[in-house]
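**Student:** This is a predicted model, with the sequence first.
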Amino acid sequence: MYNSDPKSIGPIISNLIKNLGFEKKLTELDAVKNWDEVAGEKIAKISRAIKIADGRLTVRVPDPAWKQQLIFLKRELIAALNARMGKAVVNDIYFV
């Protein structure tokens, strides 16, 4: 039987994403997209978040001096990213 009651597509898509198991991956991708904003303008100019897998964010930093500085800031960056996400999404950052 055809149901003519209109429904919002947002909740339907959310349920589909959950049921297919994509929710975690989409949350991780949000962390990658938020890198520039969380890291700040200066760091964003010299680095680029490229991927995340199992909570490990990979960030490309071509300058070895900056890479060393970011290693010292790793804990703060992880905390800031997770605060932005509202939950623990990133547990490590790997600078390449």
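**Tutor:** Noted; the coordinates are in hand.
**Student:** any idea how far residue 6 is from residue 68?
**Tutor:** Here the criterion is CB to CB, to the nearest Å. By it, residue 6 lies 57 Å from residue 68. Using the backbone N, CA and C atoms, a C-beta is placed for each residue, glycine as well.
**Student:** Settle it for me: which of the two has more neighbours?
**Tutor:** residue 68 (11 against 6; other CB atoms under 10 Å).
**Student:** Tell me where this structure has strands.
**Tutor:** 48-53, 56-60, 92-95 (DSSP state E).
**Student:** winner for burial among those strands?
**Tutor:** Mean neighbour counts were compared across these using mean count of other CB atoms under 10 Å; the top stretch is strand 56-60, at a mean of 18.
**Student:** Also compute the angle for it relative to strand 48-53, please.
**Tutor:** 160 degrees (axes from the mean of the first three to the mean of the last three CA atoms, to 10 degrees).
**Student:** How many residues are close by residue 34?
**Tutor:** Neighbour number of residue 34 under other CB under 10 Å is 17.
**Student:** Fine by me, thanks again.
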